[in-house]
Structures are given as structure tokens and as C-alpha cells.
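S.K.: Fold the following.
(one chain, ligands or ions: 4)
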Amino acid sequence: MKRNTVILIVGIVAIAFMSYMLLSIGTKKSEKMLINASTPIVKEGIEARNDRWAKTYPRQFDSWKKTKKSSEIIDLVKKYPQLAILWAGYGFSKDYNAPRGHSFALQSNRNTLRTGAPTGANTGPMPMSCWSCKSPDVARLMEKEGEKEFFTGKWARAGSEIVNPIGCADCHNSQTGELQLSRPYLKRALVSSGRKLEDITYQEMRSLACAQCHSEYYFLKTPYKDKKGVQKTAAVVTFPWEKGLSAENMEDYYNSFGFKDWTHKLSKVPMLKAQHPGYEIFTTGIHYKRNLSCADCHMPYTQEGGVKFSDHQIQSPLNNIANSCLTCHRQSEAEFKSIVEEKLKRKDQLNVLTMNNLAGAHLMAKKAYEKGATNAEMTKVTETIRSSQWIWDYSIASHGSFFHAPEETLRLLAVANDKAQQARLELTGILAKYGILNYKVPDFSTKEKAQKLAGVNLNKLVKEKLSFKSKLMSDWIDKASKEGRLNKEYLKGLPDKASYPQ
Ligand code: HEC
Ligand code: HEC
Ligand code: HEC
Ligand code: HEC
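M.R.: Numbering: from 1, shown residues only. Ligands and ions are numbered 1, 2, ... in the order given. As a prediction, this is how the structure comes out:
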């Protein structure tokens, strides 16, 4: 009798507690539904115009607009002149800056000397794929034209269509407001790496929204027939994830079909360019292993009156340590800043050593060819330089890598540096064979000197770019605004900045 009473009481308490928990989860869910399932922005299709979302989601819109504040240009070729040597013969040796706020994505893309100075829809050095990570108009146009059709033709073809910088429809569904992946190539990449799309959790979505762009990719040439039956070739953005997400996995993948992004102008090495494997390297770090997502640090919850929402001013979390780190950590803001700064300095020392050795290897290889070295003699050196530079690039190209995954970044820098040293040793031997002892590579200590060695004619490129901006580019903006795709007001708040004087 006594025992039954105890069981009964324990049972009642347990049921009451569980009902309370269920109720509170239910309430949280319904709050979330309320926030997410307001009136659709448009009844069908994709709404790429960010200002059309403002009325329904004013807080997210206002905080998103603040990405305008991060406008400063940090010219990385000036800061690290070695880069012009490492990328000789490739666009990045012309112009390469640190990332700015999402609001600037299109301005940066149009201003960079890498996209050249087209004079019409079918001219210029770059393909359509170069718009992929810059605008919700990409998702809109892919839906309208078809993905392969989107990836066909020159960059200049869609200048008047792709006009709204990274925004709501890149990450949210225009009918339900829910988080979604707007880029089909990320979905394909996840499947190719062995993931099942239906198993993806909500917490993962808060990182995968970013992985749509902050990932490594290449352009896969894909033949197809268009609607009229005409044979075409698309340059389709593809993630090299089939063998795994590490630097070595991707290197194996690229080597398996002899892929190269370009041939190095000085050393003749068939090179790989890492883009920004930010998501990939993040997954090797402690924060990922503890189940954090990109949004936890880069979009922390904030409070406005009684309303809690995600801060859409995506930026370096070091500008907002109180909200983005101190929710979990106990240090003071100043202490945390100095810890992170000290860590960054250590990485930078190793980064500079590696770049110097690699740049030296390219210049020594050039000398060896000039003296008559044969392709057969250079085979091993060529492979070593290719591998070294890929691994170096993977380790630092995503900018935040050292914070996201410190051990992996240092491991890769050490491996890359060792390979660069091996290449230089081998080259010392080859040069000696051709009578060159103690070869001193030319001075590449400033941007001007390094670009000269890399054959970059900066003045000419800038002149052509300025002409493009005042003619074709200006027509694009006028057309888009006249045809209702762009609200020109938005551009007014964006200072026009570049790495060159304009
Ligand atoms: C780069 C991707 C990205 C962009 C761009 C973006 N969002 Fe979000 N948004 C997110 C993520 C991630 C969350 C967090 C989802 C969660 O945890 O519920 C979120 C949450 C939201 C929510 C749910 C409530 C909240 O604040 O957590 C709303 C509403 C929203 N965003 C609206 C917008 C609007 C409006 C824009 C354009 C001005 C926009 N978002 C741009 C990624 C993005
Ligand atoms: C549609 C593509 C796209 C998506 C989605 C995207 N980004 Fe970006 N992100 C970019 C590009 C491009 C830049 C560089 C813009 C520039 O320099 O003009 C950038 C810049 C940044 C920067 C640098 C900002 C600064 O002020 O220095 C951070 C941090 C960042 N992104 C984090 C994120 C996070 C976190 C997410 C997911 C919530 C995300 N991004 C989603 C393309 C994207
Ligand atoms: C634990 C917190 C945390 C998480 C989680 C996190 N980041 Fe970061 N991120 C940082 C910090 C801190 C920095 C600044 C470090 C620095 O200056 O090198 C940074 C820097 C960056 C930068 C470079 C910004 C710039 O202006 O140079 C980008 C881009 C970025 N993160 C994207 C991402 C993406 C994408 C994810 C998810 C795959 C992610 N971050 C996850 C804390 C985080
Ligand atoms: C949601 C909780 C959470 C947030 C937010 C968070 N961290 Fe962490 N952090 C952790 C956890 C958990 C660990 C791992 C502790 C362990 O297991 O050793 C960690 C580890 C660290 C470490 C030591 C490991 C390493 O990578 O060197 C540093 C430094 C750190 N965090 C800095 C930051 C900074 C800076 C921010 C803000 C940009 C931040 N964290 C945001 C939870 C968080």
C-alpha cells in the first residue's frame, strides 16, 4: 500500500513535469513559427530585392544593413607582396583584398581588377560563375534560366541582372521565411561527400547557409544541349568534396584527373588555387566539434525591447565579443582580444616564412628553365611546388581559418613550408648542374617590385577598369533600376572603394 502511494506520487510529479516541458517546448516552437511564417514576401518565386523584406522583418533588415559599416579596403598584395609572385599569370596577382561586409560583395566583384574591363555582354576574362557567391539575384536567375544556362557565357552577360548584394533570399525562402539552401551545388556537394540531405539538423543549417559560399570550389566544364537543341558548355561551380573535406582529400581529388586552375607564369607549374575553404577547415576545429555553428558567433542573438532576434550584421566577432563569445566564456573582453591577437601573430610568422620560401622556389625554377633545365629534370620539383602551394593556400585562404581551426592551420602551414624548402633544395642542385651557385632571387619586397616580376601592368589595368565603370557598368545600374530590379537608394549609402585610386 505504502509502496503504491509512493509510485503514484512519483508518477504524478513526473507526468506534471513532462507536460510542463512539452508545453514550454511547444510555446518556443509556436514563437518560432510566428517569427518564421509571417506573410510571404512574394507568393511565388524568389524575392532578391532586400528592401522588400524590410516591412515584414524590420529588425533583421536593419541589422543586415549595418554590414555597410565594414567598407575598408585592406590591399593584401600590398601587405604581402609575395602573393603577386605566388599567383603570377593568374588574376589574383593583379588585385586581392581582405573581405568586407556582405553589402559590398557586388561592388568588390565589379571593382576588382580580376574581373577586367568588358565592353559588352560577350567580352572580358571571367565566366558567369564569378557571380555565384555575390547576390540573391543568382538564385533568382538560376530559377528563371535553369542552372546550366545560368553558368553559360561571360560574366558581363548578367551585369544588369545581378544587382542586389548578398541578402535575405540567399539564405531564406521567399514564401515561408525559413532558412534554406538556395544554391543547388552545395546540395550536390553534400550528397557527393556521403551526406543525406534529409538528415541535416537545424543547427547544421545555421552553418550550411554560410557554406553555400564560404567553401572551396572549381568550375567544372559541363557540355549540354539548350532548349533549342544547341550544344553549349557550362562552367558549373562544383565543390571537390567527393574524397573528403581535408586539404589532402581535395588534393587527391584534383590530382585524380590532373586538374589545374592555371599554369604558373614563372615556374610553369600547373597550379591549383584554393578559393576559401572556410566551412571545410572549420569542421576540423574544437568549436565545430562542440556543435557550434557559424551563426552562433557571427549572428549572435540580441535583444531589442522584449524581442530576441539574430543579429544580421555579419562581421568579425571580435567587434562584438560580449555577445558572441562571453555567452560561453568567462574571460574579460580585453583579455580575450589580447589572447586572439597573440594567436594571430604566431600564425602570421609561419605564414610569411612559407610564402617567402614558395616565392623563392618559383623564381629559382624560372632561372633553372632559363639556363636550360629540361622538363624531365623539373618533374619532381614541379609536383612539390604544386602541392606546397595548394596546402598553404587551403590553410589561410578563408581568412578566419586560424581562429576556426588553429591546430589544422598550423599543421598545414608547416607541411607547406617543408615542401617549399624541399623544392628549393632540389632546385639548388639543378641550378648547380647548370653552373649557377648561390643564386640570389630578385627582390620582391614591395607590391611594385613583385608585380613587375609577375608581369602585371597595373596602370593599364586600372585605366581600362575606370573606363568600364563609367560606361558599361553605369549602363547596368541604370537598366536594372529602370526595370525595377534594384533600388538605387541603397547604393547611396555605400562608399565606392577599391585598392587603386579612382
Ligand atoms: C547569410 C545568410 C543569411 C542572410 C543573408 C540573412 N539571414 Fe536571416 N537568418 C540566417 C540565420 C543563420 C538565422 C538563424 C536561424 C535560427 O537559428 O533560427 C536567421 C534568422 C532569421 C529570422 C528568424 C528570427 C531570428 O532573428 O532568428 C528572420 C525573420 C530572418 N533571418 C530574416 C532575414 C532577412 C529579412 C534578411 C535580409 C535582410 C536575412 N534574414 C538575411 C541567415 C541569413
Ligand atoms: C551568397 C554568398 C555568401 C553567403 C551565403 C555568406 N557569405 Fe559571407 N561573404 C561572402 C562574400 C563574397 C564576402 C566578401 C564580400 C566583400 O569583400 O565585398 C563575405 C564576407 C564575409 C565576412 C567578412 C565581413 C567583414 O566585415 O569583414 C564574414 C565574417 C562572413 N562573410 C561570414 C559569413 C557567415 C557567418 C555566413 C553565414 C551566416 C556567410 N558569411 C554567408 C559571401 C557569402
Ligand atoms: C567560435 C566562434 C566562431 C565560429 C563558430 C565561426 N567563426 Fe568565423 N570568425 C571568428 C573569429 C573570432 C574571427 C576573427 C579571427 C581573425 O580575425 O582572424 C572569425 C573570422 C571569420 C572570417 C574572416 C573575417 C575577416 O574579416 O577576415 C570569415 C569569413 C568567417 N569567420 C566565416 C565563418 C564561417 C563561414 C563559419 C562557419 C563555417 C564561422 N566563421 C564560424 C569566430 C567564429
Ligand atoms: C556556444 C558556446 C561558445 C561560444 C559562443 C564560443 N565558444 Fe569558444 N569554446 C567553446 C567550447 C565548448 C570550447 C572547447 C572547450 C574544450 O572542450 O576544450 C571552446 C574553446 C575555445 C578556445 C580554446 C580552443 C582553441 O580553439 O584555441 C578559445 C580560444 C575560444 N573558445 C575562443 C572563443 C571566442 C573568441 C569566441 C567568440 C568569437 C568563442 N570562443 C565563442 C564554446 C564557445
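S.K.: start to end distance for stretch 300-307?
M.R.: 14 Å (C-alpha to C-alpha, to the nearest Å).
S.K.: ok, and what's touching it?
M.R.: Residues from elsewhere that reach stretch 300-307 (C-beta atoms under 8 Å, 6 or more residues apart in numbering): 59, 63, 308, 309, 310, 311, 317, 320, 323, 324, 327. C-beta coordinates here come from the backbone N, C-alpha and C atoms, glycine included.
S.K.: quick one: which of the residues you listed sit in helices?
M.R.: Secondary-structure check on the contacts of stretch 300-307 using DSSP state H: residues within helices are 59, 63, 323, 324.
S.K.: want to try a markdown table for the contacts of stretch 300-307, with distance to residue 236 and neighbour count as columns?
M.R.: Formatted as a markdown table, the entries for the contacts of stretch 300-307 read as follows, by distance: C-beta to C-beta, whole Å; neighbours: other C-beta atoms under 10 Å:
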| residue | distance to residue 236 | neighbour count |
| --- | --- | --- |
| 59 | 37 | 17 |
| 63 | 34 | 19 |
| 308 | 40 | 12 |
| 309 | 36 | 16 |
| 310 | 32 | 16 |
| 311 | 34 | 22 |
| 317 | 33 | 18 |
| 320 | 37 | 18 |
| 323 | 39 | 16 |
| 324 | 35 | 21 |
| 327 | 40 | 11 |
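S.K.: tell me, which of these make contact with ligand 1?
M.R.: 309, 310 (C-beta under 6 Å from any ligand atom).
S.K.: Could I get the full set of helices for the stretch 301-450 of the chain?
M.R.: Remark: helices assigned in the stretch 301-450 of the chain by DSSP state H, counting those that start in this stretch are 321-324, 333-370, 375-396, 401-404, 406-433, 447-453.
S.K.: And the stretch 51-200 of the chain, by the same measure?
M.R.: Per DSSP H, counting those that start in this stretch, the stretch 51-200 of the chain carries helices over the ranges 58-65, 76-79, 82-86, 105-111, 136-145, 147-150, 168-171, 184-192.
S.K.: Quick one: closest of the ones you listed to ligand 4.
M.R.: helix 58-65 (17.3 Å; C-beta to the nearest ligand atom).
S.K.: Which residues in the closest one does the neighbour count mark as buried?
M.R.: Of the residues in helix 58-65, those buried by neighbour count under the rule 16 or more other C-beta atoms under 10 Å are 59, 60, 61, 63, 64, 65.
S.K.: among the helices of the stretch 51-200 of the chain, which is nearest residue 386?
M.R.: Closest to residue 386 of the helices of the stretch 51-200 of the chain is helix 82-86 (C-beta to C-beta; 11.9 Å).
S.K.: and that closest one, how far from the chain's centre?
M.R.: 20 Å (C-alpha atoms, centre = their mean, to the nearest Å).
S.K.: Return the list of helices and strands in contact with it.
M.R.: Using 3 or more C-beta pairs under 8 Å, 6 or more residues apart in numbering; DSSP states H and E as the contact criterion, the neighbours of helix 82-86 among helices and strands are helix 76-79, helix 333-370, helix 447-453.
S.K.: Most tightly packed of those?
M.R.: Between the helices and strands packed on helix 82-86, the one whose residues have the most neighbours on average, counting mean count of other C-beta atoms under 10 Å, is helix 447-453 (a mean of 19).
S.K.: rewinding a little: the helices of the stretch 51-200 of the chain into JSON lines, with extra columns for distance to residue 231?
M.R.: Compiled in JSON lines, those are given as follows (distance: least, C-beta to C-beta, whole Å):
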{"stretch": "helix 58-65", "distance to residue 231": "42"}
{"stretch": "helix 76-79", "distance to residue 231": "40"}
{"stretch": "helix 82-86", "distance to residue 231": "37"}
{"stretch": "helix 105-111", "distance to residue 231": "29"}
{"stretch": "helix 136-145", "distance to residue 231": "17"}
{"stretch": "helix 147-150", "distance to residue 231": "12"}
{"stretch": "helix 168-171", "distance to residue 231": "32"}
{"stretch": "helix 184-192", "distance to residue 231": "22"}
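S.K.: Point out the one among those that comes closest to residue 429.
M.R.: With respect to residue 429, and counting by C-beta to C-beta, the nearest of the helices of the stretch 51-200 of the chain is helix 82-86 at 21.7 Å.
S.K.: and which of the buried residues of helix 58-65 is nearest residue 389?
M.R.: Top of the list for closeness to residue 389, among the buried residues of helix 58-65 and by C-beta to C-beta, is residue 64 at 36.3 Å.
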